[in-house]
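**Q** Provide a 3D model corresponding to the input given below.
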Amino acid sequence: MRWSEAAITSDDVGTAPTIKNHSVTYHRGLLYCFGGYDGRRNHQTLLIYSLKEQRWLTPGGGRHGAEFTVGGSAPPGRNGHTATLATCRSSRQRRRLIEASIRDNMMAQPHNPNIERVPEFMERDLMRRGGNMNIGNNMIVDDSRNNNEGGNAQGGDDHRPNPNDIDAEMAEEVNIMDSNEDDDDEDAQIIIIGGWLGSGPLAAHDMWVLDISGGLERLRWFQPPSRGTNPGPCNMHSSDFIPSRGEVYVFRGGNGREYLNDLHALDVESYVWRQVETNGEAPQQRANHSSAVLEWNGTSELFVFGGWNGSERLNDIHVLDTSTSTWSTPRVTGVKPHPRAGMTLTALRGRLYLFGGSGTSSKCFDDLQILDRAEMCWLDVNDEDAKSTAARCDNAIDNRDIHQWGSAYSGQDGMGGDDDQQGGECRGGNSRSIKFADWRSQENHQVGSALACTSANPNDEDMVPSVFVTGKPPGKRAGHTSTAVGKHIYVFGGSCGTDYLNDFFVLDTDPPPLMKVTEPASPQLYARRLQHFYNDEEFSDVTFMVEGRRVYGHKLVLSTVSDCFRAMFMTGFRESGAGCTEIEIPHTTYDIFVAMMEYIYTGKAPEIDVFSTEPGHGLDRAIALLELADQFFLYNLKQSCEQLLQPAVNAETYTFLLNVAQKTNASQLESYCRYFERNMNELMD
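**A** Residues are numbered from 1 along each chain as shown. Reported below is the predicted structural model:
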């Protein structure tokens, strides 16, 4: 998953107000933002963000030539309300209710030109059925003779995948999806319910509808007549559209005096309210909670999470099976989110995405929590850095120079491939007994060892899947909105303390895989596997005789690292002859020669205690290896020997070691010996 800031054109920066407790609803490539509080007043203006144009639109036209106008009377400014997208097929009953609403408004304001415009879905439906819409004497007459009574509810709200969803990164998809819309069949409306108007002891109990069926050109507010048992005053409640039932479910929050938990349903065609009688143990009274609907096993499940009950913040989760109206409290594994209120809960592809909220002492959160419905568990969400840390052994080789071949095998540094299939090789030591056929088994064993330190304990009762998120996430906030658009979730606004926000972020829940080269390159494979050829007779093509004992080597390897060996194997030298299968190495010991060969094949730096008094060790061993390194032009090994000899330079040895340095062309050791000679008195004090 990946966070990023939503694209906004440069001349639109700052257009959106800094608000909290507003609403944002998605439909056909547009995000509709309504209401909210900026710390001083409630907002009433409808704002629209175009995903295709990547900018905020403003009402009443403008320099871009593609702005919008809204007919009807807008709802009073508010915050803490809900705005729910509901789609349905046109029905004669709904048309009559809207006609009655418009007629009443026209009679109350007969000269208001906005009132005379009828909702887009009514005009479209009448034209389809061959009827005429006549407005006269404050009456609306439907001349159609078709008595077909519409159809079933369909569609979805902003919490569930919608067939009209788009990918914000691919603007051309907007046109493709718009062309697939069936404009003649679907009515789309945003239903505004309740909220806080800023005056009076109680919250609002009204309901408003924004008809968005005709797109930007025919937006219209209206307040339809409603019947049945409405919820009454409600603020910081939640509303969700249940497509299978054609109803908006309202889980009540506060009414201004008390916290509530009653459940109501609004039929989106007839605008008839009913109180939902439920079974099971209902959630306790609360407000400022969050809810979302998931389609699961053929039924719509309403999830309710957290909130504030008047004395403490909550982090419980409850599920309503809307087909049986039964509440349940599922067993959810994983680490529960901290108790909070004012967070968002967004349903997408079988998961619930919880973001932000306010905890104890008004502490705001910026964490992303994910509930997987199939596993019924809170996933382990980590940023990409944690993933990198988990693979630290696998990635170590990338940042190393190839000439430092052996650091992986010295027990000091890890060296390995980048991919989980290769793993990190973090062992040290020599591998004289390892044969060619053991490469893969050795590497697989090392991979298992490297991964063991980061794998979950198989004895744990609950194994929680992990999710890794990259990118810069939104900051801490509550009272924001999170709106699902395809595989994306758009987070807008909110506040943290007195800091009101208008920033805009997008979570891509399924970003395209990042194509990268993770397998080791050939030089890295050489560095990893060369050690297996050290003093190995198999595939060797040259043999050295040292003190009567054989040491096996490979001309390609030796001539690559040493110009001396390269010259030795070139045509014209005795050692290059076809009949010369063994090369005598005089003036050195077997032990010193194999130490040099081990360095060539593994890069393992010599480990010599220059102060040791044991025969064959100590200062003599370091000098012998230095002389051999100089003889075979192994400059890195020679510098390592110079470092080993530096601590041995003192008043008794500096003259001797100066001669050794001059004999072996060890310029660093020679410089240090002369430095010691110049500063001997001070160094000896």
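
**Q** for Leu266, give its distance to Cys364.
**A** Noted for Leu266: a distance of 32 Å to Cys364, by C-beta to C-beta, to the nearest Å. For glycine as for every other residue, the C-beta is placed from the backbone atoms N, C-alpha and C.

**Q** what about these two, which has more around it?
**A** The neighbour count for Leu266 versus Cys364, taken as other C-beta atoms under 10 Å, is higher for Leu266 (26 against 22).

**Q** let me know the secondary structure of the residue nearest to that one when sequence neighbours are not counted.
**A** Excluding its sequence neighbours, the residue lying closest to Leu266 (C-beta to C-beta, 6 or more residues apart in numbering) is Val248, at 4.5 Å. Three-state assignment for Val248 (DSSP: H, G, I helix; E, B strand; the rest coil): strand.

**Q** look at Val248 and say how many residues are nearby.
**A** Count around Val248 with other C-beta under 10 Å applied: 23.

**Q** check the one 10 residues further on too.
**A** Other residues near Glu258 come to 9 when the count uses other C-beta under 10 Å.

**Q** that one contacts Gln285, doesn't it?
**A** Yes. The pair Glu258 / Gln285 is scored as a contact, 7.4 Å apart, by C-beta atoms under 8 Å.

**Q** can you tell me the SS state at Glu670?
**A** Look at Glu670: counting by three-state DSSP, its state is helix.

**Q** list the contacts for the closest residue to it other than its chain neighbours?
**A** Closest residue to Glu670 in three dimensions, ignoring its sequence neighbours and counting by C-beta to C-beta, 6+ apart: Ala661, at 3.8 Å. Ala661 makes contact with 642, 667, 669-670, 673 under the criterion C-beta atoms under 8 Å, 6 or more residues apart in numbering.

**Q** quick check, Ala661 in a strand?
**A** No. Remark: Ala661 does not belong to a strand; assigned using three-state DSSP, it is helix.

**Q** could you number the chain from 55 rather than 1 from now on?
**A** Got it, first residue is 55 now, which makes that one Ala715.

**Q** ok, it to Gln98 distance?
**A** Computed as C-beta to C-beta, the Ala715 to Gln98 distance reads 87 Å.

**Q** got the end-to-end distance for stretch 62-77?
**A** Counting by C-alpha to C-alpha, to the nearest Å, you get 19 Å between the two ends of stretch 62-77.

**Q** over to stretch 108-128?
**A** End-to-end distance for stretch 108-128, by C-alpha to C-alpha: 25 Å.

**Q** please identify the buried residues of stretch 425-435?
**A** Residues 425-427, 429, 431-435 are the ones in stretch 425-435 that count as buried (16 or more other C-beta atoms under 10 Å).

**Q** same question, stretch 91-104
**A** Residues 91-92, 96-97, 100-104 are the ones in stretch 91-104 that count as buried (16+ other C-beta under 10 Å).

**Q** can you tell me which of these is nearest Ala140?
**A** Leu100 (17.2 Å; C-beta to C-beta).

**Q** His534 against Gly411, yeah?
**A** No. Contact criterion C-beta under 8 Å: His534 and Gly411 do not qualify, at 9.1 Å.

**Q** mutual contacts of these two, please.
**A** Common neighbours of His534 and Gly411, using C-beta under 8 Å, 6+ apart, are Thr398.

**Q** neighbour-wise, which of those two wins?
**A** Using other C-beta under 10 Å as the criterion, His534 and Gly411 rank with Gly411 on top: 34 against 27.

**Q** which non-adjacent residue is nearest the more buried one?
**A** Met397 (3.0 Å).

**Q** got it, and Leu406?
**A** With sequence-adjacent residues excluded and distances taken as C-beta to C-beta, 6+ apart, Leu406 is closest to Leu425, at 4.1 Å.

**Q** residue ranges in the stretch 405-554 of the chain under the pLDDT threshold?
**A** The model of the stretch 405-554 of the chain has pLDDT under 70 over residues 439-516.

**Q** dig out what Trp350 forms beta bridges with.
**A** Trp350 has these beta-bridge partners by DSSP bridges: Thr353.

**Q** can you give me the helices in the stretch 55-204 of the chain?
**A** Ranges of helices in the stretch 55-204 of the chain, per DSSP state H, counting those that start in this stretch, are 146-162, 174-182.

**Q** would you single out the least confident of those helices?
**A** Mean pLDDT is lowest for helix 174-182 among these, at a mean of 45.

**Q** what segments of the stretch 355-504 of the chain are helices?
**A** Using DSSP H, counting those that start in this stretch, the helices of the stretch 355-504 of the chain run over 438-444, 446-449, 493-506.

**Q** same deal with the stretch 555-704 of the chain?
**A** 576-583, 609-615, 617-623, 644-656, 672-685, 689-699.
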